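Colleague: Let me see the structure of the following:
(4 chains)
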2 protein chains.
Amino acid sequence: MSEAADRRAPTMADVAKVAGVSHQTVSRVLSDHPNVRESTRIRVREVIAELGYRPNPAARALVTKRSRTLGVVAANTTLYGPASILAGLEHAARDQGYLVAAVSLDELSETALRKALEHLAAWGVEGAVVMTPHERTVTALLRLAAPFPIVTVEGGHDLDVPGVALDQYAGARMVTEHLLSLGHSSVWHVAGPRQWLEAEGRYQGWRAALDDAGVPVPQSLSGDWSAASGYQAGKLLAAAHASLDEASKPTAVFVANDHMALGVLRALREAGLRVPEDLAVAGFDDLPESDYFVPPLTTVRQDFAAIGRAGVGLLLQRIEAPSAAPVHTTLMPELVVRSSTGAPAGR
Amino acid sequence: MSEAADRRAPTMADVAKVAGVSHQTVSRVLSDHPNVRESTRIRVREVIAELGYRPNPAARALVTKRSRTLGVVAANTTLYGPASILAGLEHAARDQGYLVAAVSLDELSETALRKALEHLAAWGVEGAVVMTPHERTVTALLRLAAPFPIVTVEGGHDLDVPGVALDQYAGARMVTEHLLSLGHSSVWHVAGPRQWLEAEGRYQGWRAALDDAGVPVPQSLSGDWSAASGYQAGKLLAAAHASLDEASKPTAVFVANDHMALGVLRALREAGLRVPEDLAVAGFDDLPESDYFVPPLTTVRQDFAAIGRAGVGLLLQRIEAPSAAPVHTTLMPELVVRSSTGAPAGR
DNA sequence: GAGAGTTTTGTTAGCGCTAACAATACCGTG
DNA sequence: CACGGTATTGTTAGCGCTAACAAAACTCTC
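Modeller: Alright, predicted model coming up:
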């Protein structure tokens, strides 16, 4: 630290001078170019370490036209699912040498999405993953032309944008069939908001399972994913249980996510109904705490890390070959059976 | 689109040529420099819109030496609290014209933190917010010299790094005093892991409240923040309730977070204890679903958006004046009373 | 309507890096 | 040891932008 006032970060030229080579040779060492004599490589590496040299990413991006940055646009990042996917995406991107710029949408409007994409464009991201659970977001995305490739997560597959999604339909079928196999004459459903693609997929899977089994399809209820809305739906279920005749009263319900299922459980309990004896309940998501609900919740688990890896993989592929046909990746969920649908005594 | 093969993005020079001005004038329009004739400004703006010109952030960063990017390092981003803070930080940063690069730590080691900071450094962030809930992370942070300013969130205040934190101590006192005011002879505690600063703060607040009230301090239990660990602690509490004499058995417990409180509630229920009649329970965090636990949980709420704003504010301040004395901001939590500590009948 | 000031615009240089090409150094061969 | 070839290194240009300075163009005044 004796060299006075030289507080600015060392540049490639500084390294070159100290090592007694040209700056280009330093650049070659940094990019692992094969044609560098071993002794030179070692010497340059020493000087780099000694000076604490760090390549300037802006200069590199300027000349290579690659920012090595990916954007991620997500709504509801405080929910377990989206948050897990975000973490998975970041992990995968970092492994590939990319920085992740996160933008959270606090509202699902086209305007908010446009602003988010513009923000990312202004910083020159090479591509972005957009978590588009909502129908509105998807149509907005189709209208909006971003200056970089885009991949969707949970965005449905009838798009000409590549995407990764969990097979909501299959997951819903699994739970419904599990409930039917337990001897229930039918299965009720508390759906999520219809404009959410996940809600729609789960609804369709539930219906298809009932249709295939040839059992009657009860009126479906719906909520907004929150425990509060599940509680309201649960009160309706309790009322139906109390007032309908033996043949048509609900004995099993598939709730579209675990948070709402929590609300349902509470409402049933308050109404004096026992789970699963009077009414079996299943959810979707497998929150870490779902095993500690009263009773522990049967639910559907998804592999978020895999979703993140697939999303980043698809995006990088898209960046390399922007014109290739859009690819869709579908991941399978897994049924987790706990006592809310059977084994009344609990763990 | 008639100009063939001109697929590359327009540059400032292109805009200048079309508008019949020098590129510098375009630059001045972009940066709202006052000395530009109004008619020129309008003309340039038109051409910018017409060509769909977007300034190249790498070129700008190269010459200004400002990336206008902030890093955020966080562990446990799938938990409600950290996820909310992350969203708050992103929001505040975007308002200030900054991009947020998110890095999630999947392990709390010094190595993981170092790698995360190096990753951010390699992309030239101007500063970073590090969410350092764990003692180990904090000491690691002190050892690690990042080439940019750092601000901590929930990192404790005995550092020479500026930080924002919620007053855990005050929050814990509030709950404990609330329970004492209800007539309980003492309050038990299920703590978080001791190395977590939040856990420590809550523990100290609980103890201080008991000491000040001159009541006996029961043995404290502890968990790892998860519902599973809360369940284990709950079993111990139930056992204590069953076996201790009337004077020393637990009648009230303050659990260090809502997830563990959920586990405690389940264990107590399984043991046949009623909440709040046999044992009052309070948590900390106020999850969106805490109002739907059985029974609804008394807890402590924090303002995450405010934490985000404060963090970004502190960081920007630090970037402007890196040498200023470290400032610490403390935010006050709020007690939310629900039926798990009283009003047994519920809502 | 010339001179001094004030706007407004243009010109030049250079941020730190990589790509392309040019120039050496080194190798084995006959 | 001169030759062609290959391995290694150096030189030059330029990515797209802002800062600093230089030059016009426009104001006023008297």
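
Colleague: could you show me where the helices are in chain A, in order?
Modeller: A:12-19, A:23-30, A:38-51, A:57-64, A:80-95, A:110-122, A:135-143, A:168-181, A:197-213, A:227-243, A:258-270, A:304-320 (DSSP state H).

Colleague: from those, which stretch is densest packed?
Modeller: Stretch with highest mean neighbour count among the helices of chain A: helix A:258-270 (a mean of 26; mean count of other C-beta atoms under 10 Å in any protein chain shown). (C-beta placed from N, C-alpha, C; glycine too.)

Colleague: quick revisit: dump the helices of chain A to a markdown table, plus mean pLDDT.
Modeller: Shown next, in a markdown table, are these (pLDDT from 0 to 100):
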| stretch | mean pLDDT |
| --- | --- |
| helix A:12-19 | 94 |
| helix A:23-30 | 95 |
| helix A:38-51 | 94 |
| helix A:57-64 | 96 |
| helix A:80-95 | 92 |
| helix A:110-122 | 93 |
| helix A:135-143 | 79 |
| helix A:168-181 | 96 |
| helix A:197-213 | 95 |
| helix A:227-243 | 95 |
| helix A:258-270 | 94 |
| helix A:304-320 | 92 |
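
Colleague: And the ones you listed: which comes nearest residue B:11?
Modeller: When the helices of chain A are compared by C-beta to C-beta, helix A:57-64 sits nearest residue B:11, at 11.5 Å.

Colleague: Spell out whether the closest one and chain B are in contact.
Modeller: Yes - Helix A:57-64 is in contact with chain B by C-beta under 8 Å from any C-beta of the partner chain, via A:57, A:58, A:59, A:61, A:62.

Colleague: re the thing from before, may I see the helices of chain A organised as a markdown table, with distance to DNA strand C added?
Modeller: Listed next are the helices of chain A as a markdown table, based on distance: least, C-beta to the nearest atom of the strand, whole Å:
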| stretch | distance to DNA strand C |
| --- | --- |
| helix A:12-19 | 3 |
| helix A:23-30 | 3 |
| helix A:38-51 | 10 |
| helix A:57-64 | 3 |
| helix A:80-95 | 19 |
| helix A:110-122 | 19 |
| helix A:135-143 | 32 |
| helix A:168-181 | 43 |
| helix A:197-213 | 40 |
| helix A:227-243 | 51 |
| helix A:258-270 | 48 |
| helix A:304-320 | 15 |
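
Colleague: I'd like to know which of the ones you listed is closest to residue B:146.
Modeller: helix A:57-64 (15.5 Å).

Colleague: Show me what the closest one is packed against.
Modeller: helix B:57-64 (3 or more C-beta pairs under 8 Å, 6 or more residues apart in numbering or on different chains; DSSP states H and E).

Colleague: Mind checking if the helix it packs on is in reach of DNA strand D?
Modeller: Yes - using C-beta under 7 Å from any atom of the strand, helix B:57-64 reaches DNA strand D at B:59, B:60, B:62, B:63, B:64.

Colleague: That helix vs helix A:110-122, what angle?
Modeller: 60 degrees (axes from the mean of the first three to the mean of the last three C-alpha atoms, to 10 degrees).

Colleague: Return the residues in contact with the closest residue to residue A:105 other than its chain neighbours.
Modeller: If the residues on either side of it in the chain are set aside, residue A:105 comes closest to residue A:75, at 4.2 Å by C-beta to C-beta, 6 or more residues apart in numbering or on different chains. Counting by C-beta atoms under 8 Å, 6 or more residues apart in numbering or on different chains, residue A:75 makes contact with A:82, A:104, A:105, A:106, A:108, A:131, A:133, A:134, A:137.

Colleague: export the residues of helix B:57-64 next to DNA strand D to CSV and tack on distance to residue A:260?
Modeller: Formatted as CSV, the residues of helix B:57-64 next to DNA strand D follow (distance: C-beta to C-beta, whole Å):
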residue, distance to residue A:260
B:59, 50
B:60, 47
B:62, 50
B:63, 53
B:64, 49
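
Colleague: out of those, who's nearest residue A:265?
Modeller: residue B:60 (54.3 Å).

Colleague: for residue A:296, phi and psi?
Modeller: phi -50, psi 140 (degrees, to the nearest 10).

Colleague: and it, how many neighbours does it have?
Modeller: 20 (other C-beta atoms under 10 Å in any protein chain shown).

Colleague: Tell me the pLDDT of it.
Modeller: pLDDT, residue A:296: 94.

Colleague: Between which two of the residues of helix B:57-64 next to DNA strand D is the distance greatest?
Modeller: So, the residues of helix B:57-64 next to DNA strand D by C-beta to C-beta: farthest apart are B:59 and B:64, at 9.5 Å.

Colleague: What's the separation between the residue nearest to residue A:105 and residue B:78?
Modeller: From residue A:75 across to residue B:78, the span is 16 Å (C-beta to C-beta, to the nearest Å).

Colleague: coming back round to it: give me the pLDDT value at the residue nearest to residue A:105.
Modeller: 87.

Colleague: Tally up the residues packed near the closest residue to residue A:114 other than its chain neighbours, please.
Modeller: Counting by C-beta to C-beta, 6+ apart, residue A:144 is the residue found nearest to residue A:114 once chain neighbours are left out, at 5.6 Å. Per other C-beta under 10 Å, the neighbour tally for residue A:144 reads 15.

Colleague: so residue A:144 sits right up against residue A:118, yeah?
Modeller: No - Residue A:144 lies out of contact with residue A:118 (C-beta atoms under 8 Å); the separation is 9.2 Å.

Colleague: which residues touch the closest residue to DNA strand D within the stretch 101-250 of chain A?
Modeller: At 10.2 Å from DNA strand D, residue A:124 is the closest residue in the stretch 101-250 of chain A, using C-beta to the nearest atom of the strand. Shown in contact with residue A:124 (C-beta under 8 Å, 6+ apart): A:61, A:67, A:69, B:56, B:57, B:58.

Colleague: out of these, who's nearest residue A:184?
Modeller: Nearest member of the contacts of residue A:124 to residue A:184, counting by C-beta to C-beta, is residue A:69, at 50.7 Å.

Colleague: ok, now which ones touch that closest one?
Modeller: Residue A:69 touches A:98, A:99, A:100, A:101, A:123, A:124, A:125, A:126, B:101, B:123, counting by C-beta under 8 Å, 6+ apart.

Colleague: Right, I'll call it a day here.
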